[in-house]
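1. based on what follows, work out the 3D shape:
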Amino acid sequence: MPDIVIMRKGAGVIIVEVKDWNLNSYKIDETNKWYVRAKDQVIRSPFEQVFGYKSNMFKLHISGLAEKNVMNKQFFNILKPFVYFHGETKIGIDSLYDSVEYSIRLEKKY
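-> Presented below is the predicted three-dimensional model:
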């Protein structure tokens with residue numbers, strides 16, 4: 001279940017997944033898999049979660065959305081997913097991806 005869903009008639013839907021995670025406890029690999037550092041255990045990323053909610057709303061919950069999406073592919077954009085990391089800064093979020101981005105840049109050079 002999403003943490004927050006905001007709906008405005010005629011405008012769209014915003015889906016927000018709220019995490020109070022300490023991002024220093026997680027790492028991401030080059031394939032965008034998320035891990036708990038202490039256990040080196042793969043987990044579902046918060047982005048996968050929120051996009052799953054979006055997909056689920058289209059498929060099951062909002063009458064007529066799936067049919068409208070078939071007619072107009074841009075209609076899928078009526079639902080906007082977001083992840084909010086409470087207590088984190090942009091620098092903290094960026095640092096989660098820094099080592100992965102660096103590795104990918106190195107691979108592209110060779």
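
2. beyond the helix or strand bottoming out on mean pLDDT in the chain, next helix or strand please.
-> With mean pLDDT, DSSP states H and E as the measure, the helix or strand of the chain carrying the lowest mean pLDDT is helix 65-71 (a mean of 54). Next helix or strand after helix 65-71 toward the C-terminus (DSSP states H and E): strand 79-85.

3. quick check: buried residues in the strand or helix carrying residue 99?
-> For residue 99, the element it lies in under DSSP H and E is helix 90-109. Of the residues in helix 90-109, residue 96 count as buried by neighbour count, 16 or more other CB atoms under 10 Å. Heads up, the C-betas are built off the backbone N, CA and C, glycines and all.

4. so what secondary structure elements neighbour it?
-> strand 26-28 (3 or more CB pairs under 8 Å, 6 or more residues apart in numbering; DSSP states H and E).

5. list the buried residues in the strand it packs on.
-> 26, 28.
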